[in-house]
Every structure is written in structure tokens, then in C-alpha cells.
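>>> all I have is the shape, not the residue letters:
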């Protein structure tokens, strides 16, 4: 029997993977992927809780997140390409012009 | 008639905004006229004020944010009435005596905006409005010191701003907490002082709130050890800045004690008389000695202000009508006298561009009128009977004598040390032979300076000989305040310490 | 009678304000004439009041309210009783004479008009002091005379400071400040006394206060008595607050005559006399007053013995006579003190004005060693000063004889033989130094000649102006019985015991004998001319006396210099190094904190993300922790 806990644990593991990716990766593209993983981890949790409580709000929210993530990727990838064109790299260690 | 206070607050504001389009040439006339009208309005307010009524008059209350109980709520009683008049008077005198050449227009408009804040602080009966005016008063003063000041003006201006601002933030937290308590007791929000007065706070809460408000007020007064911004501010500020700062802005602190601390936290106020009085005594003795060590005339008067404010604090914490009336009167006399002294130092600074006493000597031979007026103000400053300075100082000390004779005797040394630093200033600058060539050709006071100074001399003597027209309304309101505090006090200690005068009892 | 009260009080003020109008003009004789006339008017009004008081009784006037706050209610009220009437008459009489005299004395001074303005203002303050019907009104006058004294001592303010060797008073402005500040020290004591009275009795009116005295706690009365007396000590220059009086001689001589001999310095005595119901109730304090007075009498007389400065000698003699008055008042003989006060005012003012004549003749030279033989040039001044000195020495039938002799009888009568002995001995010293001065100035060789002085007598009208004082110095004592009858309507009578009555003749003879022997000794020593002996002048006692027991130097080292040093230390070491440094330190700490934490803003997104996730984890941990707590 797959209970809600299993889903939540899966979601937690995915989230942790995403978090490690965000912290460790230096490539901006990989950072994007990592954030996508984290968002999807949240989606899984939303969907699971929604189905468990028979409340559609959670699933609705998951769709909402998917939509937001898609538009974010669209804008983000555009900026990323511009960055690459301008500096010839997408390694974040090379972008420290905001150093205090 | 009830709109008189709103007129007093907003007239300089509107005039200040309109003044933006007045040409540089006619701005002095414009400024003097506006300040004069404002002053006459405030005199008219005194004229229609009913001295027999001890409560708030000309009350106006308009809800601004009803959900949070914030309202535009103004009114005056005997305690604030004369401080408002003094604020308008000193602004007028300050503008008349103005001698800056640079950006005259900005200076005059800034002074008008400052006047808005000063009047606003003393007539506000709503804590939020009070706080707004309180903080707003910092901005024009920051600008005045920072733009027209001496060499270290930026340091002085920033220090003045940050120091007082830090203090008032803590006061703001205290205010919010009082409002929160009020809401939890009555179920509705209110920032009106009159509502807060009716709130009987538990002693443990009073203790904390007392210190929160204390910090805000003490830095403004300024009390030892929070006084170090003042010598810099005075030392660097242009003459008019020092005049307004000493005459009115410092009074906001002591006024705050009378308006907030005493009626809201009577038990805590009584409980903390000793520590506050010790600070006041340090202020009196220590800063009087520091004043004696100064080389700069203006710094002497700046430190003397701190010393005199110590006596005012003693009077406030006397917890009887003699002391509190005396200290409110002393606020007025200190405003007039130290304002005049700063003007006088400004006169000599305009001529010689120095304020060091070692640069002078023998001025009495060269500038007799100047020496005469300086002498009168000096005598008022050291508290000579029949000048304004005596009445307040005497009553403040007499009041505190009831609390502690020994401390009063120590505080009374202010009359000795005051004489020491003021007379040594006078001797070093005015007596002896004229040693510097540059001083031999100094011109005596001109018409503009006399116009500014003679009214102050007249007031100092008039209110020294016959203080009743001013002292009586003050006393009425203070008596009401004291009996209110007595009623409200919870601990037996506070009940005993807060002495309701016999006359009040008979009237009841 | 109210009318005369106001005339007596305000005529000097009007004169002062009138003269003030001319203060920046060149000399205008009218100021002198008007102020003198108004002073005379005030004198006439005082005499009318004196007469009225003796015929009818005291006059009480309340002019208006002054301070009203809480329960404190202080009016401008004036009460003219016997003591006040005597004081008023003495003050206005001496003032009138001094005003007229000053017309001549200040003739060539640039500040002629200013001088009369100050002098009349002083008289006004003095009148307020003696006429007030409450303690705070007295305090107005008390401080008012202090300020006028400050203005007048420092009248020649343009003189520069010099060292103590050149001029022991340093400079007029220095002496003025010294006098004011030293008086302020005493005024604080007085103020404390006033506060004590207010909070214990609830009123400052003399009538209420003295009515409450019998029912009050003895300890409290003692405290009040002590603090009021501290005030009196300052104004009357009693030890240890005496140094200002000698330095006050920097002022113009008419000022010394009026303020520092006849009137202001007797204010302390007046206060003790005024508060006689209080001091009668506290014999221990009164006894202390008598002892202190006795001490000051001999202490000041000893300094006068060796001094060379004409005015300082008279100043010390004033101090010494004030000691006599306090001794009398302290022993309970209040009317005797008042009697001596009045007699002293006449002959001492005369003596000072005579000294002023001498100064005028000698171009402001004060050293009596440089004078001698002036009697040829200044016959009348010699006569006046001789008379005044005889009166001061207490020679029958002059005024001083009656008053001083009575004080000695009182001391004897109270069985305080120590006090009697010292006062008796001081009477001899007084006679000696007075006549040492007279003989050195007026007789013997003309030591001034080689120095190029050309002394001349003062104008006739000045001499005439001095004549009322000379007359009174002679005859005032003859009216002792009338005075007693008049004054004891108000002051307690003082009866000599039978035991004393037996000795009266012997006492008088003994006292006169020592006074005469003082004069005779002075005659032998000095009338032929100045004989200086280096050995004596080098001796330790002589040096101690001529340096005023080194007290001014002691005060400078114990009070003035440490005060200045402490002030500088407070400012430079504490205010700047500790208090302000702490404030700046807090600001610097915040700034440094910002500076160091700026390092975490690397600009590297990866670092931010690490920090962010670390922060998020901490928050999660906190939430978990909080959840587990519940």
C-alpha cells in the first residue's frame, strides 16, 4: 500500500536533490534544472496531499506551479542565452560584478 | 475658534510652500511677515485662552485612520500654551536676526517648516501625530546644521540626527506597546493621549514603558550621559539654528516628561525619582564644570544649557505643583535666555568670525550696548531675582526640596557654578583692556540686532518682576496634573510622594 | 503712609533709571544732581516713616503678587517696623551723603553717569532688602545688592589683571567676580534655609514664620538658623568667606564707603536681628555666632595692624566691627547690635570718604608709607578722619564709645569672659591701627614730597556733604536712651544684671584705658614719622599678617586651581574621552560591523544560494524545534 508518507518522502528526496544541485552546481543551466526538480518535488507533495484529503485545491496549485515554472523557464532561458552571447560563459563564478 | 491650533500648525506650512515662488530679494520681508503673523496668532490664542480652565482647550479631533484609532487630535493647556508662543516668538526673532548670506531663501523656508514641527509637537494630543511632528522636526534642523554650519557641520548634523532618532525609535516602540495594551484592555485601538491617561497600567509594565519613553526624552533634553551631541550641534550650527535648538527643540524632551511620563506612569516615575535625580545632579554639576573649561563662548552656553536642563528635570520629578510649575516656567525662561545668549554670541561671530574668548577682552569698552544686553542675559542665566531665570530655578529647586533636601542642596550649586562660568566668560571677553587690534573698531549693535534683542530683554525683566500672567495658567494646569497623578497612583509610596497642593484640595 | 513707603523705595530706582538713560553719554552733571536729590527725597520719606513708626506703629503694605505656584504665594510686601525704619534712615542718609560726595569724587571719570545709575540701583536693592516682609523679598534685595556690588567693584573694568605682588586684589573685575561668587556660595545656604522654612512652616512671611517658631522642633530650628546664618556670613564677609571684602576695595571709594562699610555688609547682621525670635530660640547657634563674631573681630584687626593700604586698613576694621555686631547679636543683645550697626555706618562711611579725599589729593596713591604730614594741606579731612577714628576707637563722648562699650558690657553680663577679653583686647588693637593710619597719613615728615605729589583739599561742598556724618559720628551716641526706648517696642529688651551694674564704671574705665593706650602707642610710634625696621618686616608674624594669613593664596590653591583643573579634566578626559568616545564607539562598531559583513556579498550567485539554503535550513530547524517544544 502506498500511503501519503511515501509520496512525501519521495517529494522530500527530490527536494533535497534539487537543493544540493542549487548549492553545488556552477553551471547556470544546471541550476535551472535543479530548481525545476525542487518545484516538481513541491508539485508531488501538493498532488499527494490533495488526493489524500480529497481537496482539489492542491492539484490546482500544482498546475499553477507548472504554469509559473514554464514561463520562468521561458524568460530565464532567454536571459541565459543573452548572457552566454555577451560573456561566452554560463559559469556563475564568472559573474561577480555585484561584489560588495 | 477651535481651529486656531490647526491654523497655527498649517499656516507656516502653506506659507512655506508658497514661499517657493517668492523672489530671493523679498524673501526676508516675506519670512518676517509670516513669522510675525504666526506670532500674533499665537498671542491671540493666549488672549482667548481661559486661564481658569485647567484642561485642554481649542480641542480639535478628526479621525484619520479610525480602525487603528489614529486621529488628528490637537489642544493646548497651560503647560503647552506658552511653549507654543515661545516657539513662534523665537522663530520670529531668529528670522529677524538672520545674518546668513548664502541661500537665504532656503534658510527662511526651512525655518518655517521647522516652526510647523515645533508648534505641532506641543499641541498634539495623539501619540502618532506627536511622533510625526517630533521626527519631522529633525529634518529641517539637520538641513540647517548641515548646510549652514561650521567646519565639522556634517559630523555634527549626522550625530544630532542619528542620536536623537535612535532615542525616539525606542520611544515609538513604547508608544506602540501602550496602544497595544489599550487595545487589549478596551478592545479598540486608540492613540489619543486623553484615552491613554485613563489607562491604569500595572507597575511592572509601567517600569519598562517608563524607561522606553525616558530614553527618547532624555536624549532630546539632553540628559547626561546622552548629551554629547549637543555641544557639536551648537558648536557647528549657525546662530539661528542654535537659538531654535536651545530655545525650543530641547524643551520637547522635558515637555515629553510632563506630558507622557508623569501622567501615564505615575508609579514608575515616583519609583525612579532617585536614579533620574542623580543623572540630573550629574548634569548640573558636571556640565557646569565642563562649561567652565571651554574656550569657545558658544560651547560655554551650550554646556550651560545642559546644566540648566538638569534643574528643569529636578523640578519635573519634584512631583508637586511648585516644582513642576517651576520647571515649566524654567523651560520658558531658559528658552528666552539661552536663545538670547546664542544670538549675542552670533553678533560677535558675525563681526570677528571667531567665538574664542581668548580673541576678545575689553568688549565692554568698545560695544557698551552689547555688553549691557549680554550682562542682563547673563544675570538672568545665573538666576538673579527679578529676572525671568530666577522664578523657574527657585521654584524647581524649592519643589524638589520636598523630595530630597540633600540632593537639592547639591543641585543648588548650579547657582554657584553658573556664576563661575558665566562671570568668567564675561570677564574674559568683556573686561580688561582691549588687547586685539581688530576689536578696537568693532561696531556696537545695529538696528536689526537691537530689534531682535530688546523684546527678549523686556520679556526677561517683565516676567521676572511679574510672572503671574504666565505662571498662573501653568500652575492651574499643573495642579490638575498633580491631582490627576495622585488619583491614579497605585502604590502608597507614590500616593505619598505626589503632593496635591492645599489649594487644590480646598477647591475640591 | 503707604505713599511714603513707595517714595522711599522707588525714588532711588527712578534715579537709577534716569541716570541709565545717560549711561553712554559724556558726563552730565544732571545725573548726579537728580540721583542725589531723589536720594534725599527717599531719606525724607524714611524719616517721616521713622517718625510715624515711633508715633503710631508699623506700616504694612502689599504691593502685588510676585510668585504664586502650588501653595507657595509670595507677594511684594513691605513692612516698616522699628528695625526697618532705622535701617532705612541709616541707608538713605549715608547714601545721600555718598551721592553728593560722588559728584565731586567722580568728577573727572568717564563713567560718571553710569556710576550714579549703579549707585542708586544699589540703594534700591538695599531698600528692598530691609523693607521686605518676607524672606524671598529679602533675597531679592540680597542678590540685588550683590549684583550692584559686582558692578561697582568692577567699575573700572578696563584695568588688566596683575599679579598678587603688585596688587593683592589682582584687578577690579577679578575682585568683582570673587565677591559675587563667594556671596553666591553663601546665598545657596540662605536658599536652603528658605526652602526649609517653606516646607516646614508653609509660608515665607516674617509674621507667619516667627509666629510658628515656638511650636517647632528644636532640631529643625537649629538647621534653619545655621543655613540662614551661612547666608549672613557671605554678605557680611565673616570668616571663612571674608576675603572678598578686602579685595572689594578695588571699587571707587564712595562705593567702599556706602556698600562695603555702611550698608550692604551689615545685611547679615540685619538678617540675624530680623530673625531674632528664631535665634533667641536656638542659643547654641547664637553662641556660635557670637564666638565667630569675636574671632573675626580680632582676626581682622590683626591684619589691619601691618597693612600699608589706606583702604584695606579701613576694610579690615569694617570686618572687625562686623564681628562686634555679630558678637552682640549672638549674645542676644539685638538692639545693641543694631545700635552699633548704625553708629558704625556713620563713622565708617566718614572714614572712607576721608580716605577718598586723601586718594584724590594723592592721585589715587593708597600706600600710607608714602604719605605723612598731609594735615597742612588737608585740615578738614584730617579733622573728619580724626573724629571718625576716635569714634571707631570708642573714645567718649563719640558714637563708638556708647555702642562698643555696651557690647563689652553685654559680653561681661553673659559671663562669657573669654569673648569679653578678646573684644576688649581688640578694642585696643582697633585704636592702635586706626591712629597708626591717621598719624602716618597726616602727621610727621612729608614723605610724599620726593615722590612729586601735590596734595590739595577737596572742594568745599564735598566737605559740607560729609558734615552730617561727622555730626552723627559725634552725637549719635548721646541718643542711646531714646534709641533704646524706640527700638525695644519691637526688639527684645536687654537688661544688665545687677552684678554687671556694679562693674559698669570699672568696665568703662578699663575699656577706655586700653583704647587710649592704643592711641598713645600709635602716637609714640608713628606721629614723628615713619620708622621702618627691616627686622620686624622680615619676621614671620609680620609676613603672615601682611599676607592675610596666606588665606587668599590658600583659597587659590585649594579651590580655584583644583576647580579649574578638575573642569578641564572633566571636559578633556571624561566628556571627550569617555562619554563621547562611547557614543562614537557605538557608531564605529556598527560601521565596522557593516564593513566586515560586507565580505559575504561576494557577487557570486552560488555563494548566495548556499547562504540562502543554509538560512532556510536553520529556519526549518527552528520551526521543528518549536513544534517539538509544544
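Here it is on my side, so go on. Everything numeric in this text was worked out from a predicted model, so none of it was measured.

>>> when you work out contacts or count neighbours from here on, use the C-alpha atoms and nothing else.
Fine.

>>> the stretch 51-200 of chain C: strands as residue ranges?
Remark: strands assigned in the stretch 51-200 of chain C by DSSP state E, counting those that start in this stretch are C:59-69, C:72-80.

>>> meant to ask about chain B
Counting by DSSP state E, chain B has strands at residues B:57-65, B:70-76.

>>> who touches the closest residue to residue C:278 other than its chain neighbours in this structure?
Spatial nearest neighbour of residue C:278, chain neighbours left out: residue C:213 (6.3 Å); criterion: C-alpha to C-alpha, 6 or more residues apart in numbering or on different chains. Residues counted as contacts of residue C:213 (C-alpha atoms under 8 Å, 6 or more residues apart in numbering or on different chains) are C:221, C:277-278, C:281.

>>> apply 10 Å and report the result again.
Residue C:213 sits next to C:201, C:220-221, C:277-281 when contact means C-alpha atoms under 10 Å, 6 or more residues apart in numbering or on different chains.

>>> I'd like the strands of chain B written out as JSON lines, with mean neighbour count and mean pLDDT added.
Below are the strands of chain B laid out as JSON lines (neighbours: other C-alpha atoms under 10 Å in any protein chain shown; pLDDT from 0 to 100):
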{"stretch": "strand B:57-65", "mean neighbour count": "15", "mean pLDDT": "91"}
{"stretch": "strand B:70-76", "mean neighbour count": "22", "mean pLDDT": "93"}
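
>>> count the residues that sit near the residue nearest to residue B:403 when sequence neighbours are not counted.
Of all residues not flanking residue B:403 in the chain, residue B:318 sits nearest, at 6.2 Å (C-alpha to C-alpha, 6+ apart). Other residues near residue B:318 come to 29 when the count uses other C-alpha atoms under 10 Å in any protein chain shown.

>>> where's residue C:359 relative to chain B, distance?
As judged by C-alpha to the nearest C-alpha, to the nearest Å, residue C:359 and chain B stand 23 Å apart.

>>> for that residue, which three-state class applies?
Using DSSP: H, G, I helix; E, B strand; the rest coil, the secondary structure recorded for residue C:359 is helix.

>>> show me the contacts for it.
With contacts defined as C-alpha under 10 Å, 6+ apart, residue C:359 is in contact with C:105, C:253, C:310-311, C:353, C:365-367, C:455.

>>> quick check, nearest of those residues to chain B?
Taking C-alpha to the nearest C-alpha as the measure, chain B sits nearest to residue C:253 out of those, at 20.0 Å.

>>> need the pLDDT of that closest one.
pLDDT recorded at residue C:253 is 91.

>>> next one: the one 3 residues further on
Model confidence at residue C:256, expressed as pLDDT, equals 91.

>>> now it: closest residue in space that isn't a chain neighbour?
Of all residues not flanking residue C:256 in the chain, residue C:249 sits nearest, at 6.2 Å (C-alpha to C-alpha, 6+ apart).

>>> got it, and residue C:159?
Residue C:159 sits nearest to residue B:432 (C-alpha to C-alpha, 6+ apart), 5.1 Å away.

>>> try residue C:552
Of all residues not flanking residue C:552 in the chain, residue C:243 sits nearest, at 6.6 Å (C-alpha to C-alpha, 6+ apart).

>>> phi and psi next, for the one residue in the stretch 101-250 of chain B that gets nearest to chain C.
Residue of the stretch 101-250 of chain B nearest chain C, by C-alpha to the nearest C-alpha: residue B:228 (5.6 Å). Taking degrees, to the nearest 10, you get phi -70, psi -20 for the backbone angles of residue B:228.

>>> so what pLDDT did residue 57 get?
Because you didn't say which chain, this covers chain A. Per-residue confidence at residue A:57 stands at 90 (pLDDT).

>>> was after chain C, sorry
pLDDT for residue C:57: 87.

>>> likewise for residue C:163?
pLDDT at residue C:163 comes out at 86.

>>> for it, give me its contacts.
Residue C:163 sits next to C:169-171 when contact means C-alpha under 10 Å, 6+ apart.

>>> repeat for residue B:446
Counting by C-alpha under 10 Å, 6+ apart, residue B:446 makes contact with B:347, B:369-370.

>>> from those, pick the one nearest residue C:81.
Nearest to residue C:81 among the contacts of residue B:446: residue B:369, at 40.8 Å, using C-alpha to C-alpha.

>>> number of residues surrounding residue B:21?
For residue B:21, the count of nearby residues is 9 (other C-alpha under 10 Å).

>>> the residue nearest to residue C:256 touches residue C:260, doesn't it?
Yes: Residue C:249 is in contact with residue C:260 according to C-alpha atoms under 10 Å; the separation is 8.0 Å.

>>> overlap in contacts, these two.
With C-alpha under 10 Å, 6+ apart, residue C:249 and residue C:260 have common neighbours C:153, C:314-315.

>>> which among the residues you listed gets closest to chain A?
After measuring those against chain A - C-alpha to the nearest C-alpha - the closest member comes out as residue C:153, at 69.0 Å.

>>> tell me how far the closest one lies from residue C:213.
From residue C:153 over to residue C:213 the distance is 38 Å, taken as C-alpha to C-alpha, to the nearest Å.

>>> what do you get for residue C:96?
Using C-alpha to C-alpha, one gets 38 Å for the distance from residue C:96 to residue C:213.

>>> do the same with residue A:12
Using C-alpha to C-alpha, we find residue A:12 at a distance of 92 Å from residue C:213.

>>> and residue B:273, how far is that from residue B:429?
Counting by C-alpha to C-alpha, the gap from residue B:273 to residue B:429 is 39 Å.

>>> do the same with residue C:302
The gap separating residue C:302 from residue B:429 is 38 Å, by C-alpha to C-alpha.

>>> same deal with residue C:413?
55 Å.

>>> just to revisit the earlier point, excluding chain neighbours, what is closest to the residue of the stretch 101-250 of chain B closest to chain C?
Closest residue to residue B:228 apart from its sequence neighbours, by C-alpha to C-alpha, 6+ apart: residue C:580 at 5.6 Å.
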